[in-house]
Every structure is written in C-alpha cells, then in structure tokens.
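> pasting the sequence and the predicted model now:
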Amino acid sequence: MKPRSPSSRGKGSKRNEGEAVLAQHIALEGLPTPDQQHYWAKHLRNERGHVRMFRFDFAWPSRKLAVEVDGGKFMLRRSRAQKGRLVPVGQHNHRDDLRRGNLAALDGWCVLRYTPDQVMKGEAIREIKTVFLREGGP
C-alpha cells in the first residue's frame, strides 16, 4: 500500500498544515528524511487474531523514533457503526490513541506527540533535534 502524503487527508485542515510545516522544519534542519505515514505493528494481532495496522505521521524506523501531529478538538473520523459517516473524535478514539501509544512503547518505539500549534511555534522541531543530538547527531 502506498503511503499517503499529509495533504491527501483533506484540504485545509489544521492537521495537514501541521504535518506540512513539520516536514519543512525537518528538511530545513537537515535531519534525515522520515518515512511519512509509516505502517508498523504488522506483527501484532488483536484479540480476534486480526493483524493490527497502525500508522505514524513521521517515522525513522532505524531509530524507532516516531512523531505524531495530533488533530485539534474538532478532528473527525469515519464510523463503522454509522456506515462510514463522519463523527467527532471522542473518548473511544482517545482510548485507541492511548492503546496505540502503549503498544508502540512496548515494541520499542519512542513516540513524540504534538498539536499543530506546537509545530507552528517550533516546539516540535526543537525536541526532535534534541533526540537526534542525544543519539549522536543526524
């Protein structure tokens, strides 16, 4: 499956803008190019035995470093129970995010999470650079 670019998630969303800006920051800082929309955890299975498929917004698999740019409070998702209609993200999705983060940690990943505002203010790129510098540079 071909990874999607951040701009393929819908036009004009704050989330897309945050991912696009972070991609620019990463390039401007001369950091290694990350995989975008990187699939991981293909080896994990849920309680029914189905393969778990998760995606990171940005990932450096050789370092097991991932970055997520979370959506705002108005982020929507498609609901299976409501036949694909868009519904606001609620507690259920937050629980899924926590589970995904815990599974990533158990699998050895370091996952940094940011809001689009944190990306815009430069907080995300400063912390990502810190991780690379701590590990001996880009």
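Arrived safely, thanks for sending.

> check contacts around residue 114.
Contacts of residue 114 were listed using Cβ atoms under 8 Å, 6 or more residues apart in numbering, and they are 18, 22, 67, 68, 69, 70, 123, 124. All C-beta atoms are positioned from the backbone trio N, CA, C, and that covers glycine.

> looking at it now. What's its pLDDT?
Note for residue 114: predicted pLDDT of 94.

> quick check: phi and psi at it.
The phi and psi values for residue 114, taken as degrees, to the nearest 10, are phi -140, psi 150.

> before we move on, the earlier item: in PyMOL, select just the buried ones from the contacts of residue 114.
Of the contacts of residue 114, the buried ones go into a single PyMOL selection, burial set by 16 or more other Cβ atoms under 10 Å:
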select buried, resi 18+22+67+68+69+70+124
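
> which parts of this structure are strands?
35-40, 54-60, 65-69, 76-78, 86-88, 110-114 (DSSP state E).

> quick check: buried residues in the first one?
Along strand 35-40, the positions that meet the burial threshold by neighbour count (16+ other Cβ under 10 Å) are 35, 36, 37, 38, 40.

> closest to residue 100 out of those residues?
residue 40 (9.8 Å; Cβ to Cβ).

> that closest one and residue 17, how far apart?
Separation of residue 40 from residue 17 (Cβ to Cβ, to the nearest Å): 24 Å.

> any chance of the contacts of residue 114 in a markdown table with distance to residue 112 as columns?
Putting the contacts of residue 114 into a markdown table (distance: Cβ to Cβ, whole Å) gives the following:
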| residue | distance to residue 112 |
| --- | --- |
| 18 | 13 |
| 22 | 10 |
| 67 | 5 |
| 68 | 7 |
| 69 | 10 |
| 70 | 11 |
| 123 | 10 |
| 124 | 7 |
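
> would you list the strands of the chain in JSON lines and tack on distance to residue 101?
Shown next, in JSON lines, are the strands of the chain (distance: least, Cβ to Cβ, whole Å):
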{"stretch": "strand 35-40", "distance to residue 101": "12"}
{"stretch": "strand 54-60", "distance to residue 101": "10"}
{"stretch": "strand 65-69", "distance to residue 101": "8"}
{"stretch": "strand 76-78", "distance to residue 101": "17"}
{"stretch": "strand 86-88", "distance to residue 101": "21"}
{"stretch": "strand 110-114", "distance to residue 101": "6"}
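
> fine by me, thanks again.
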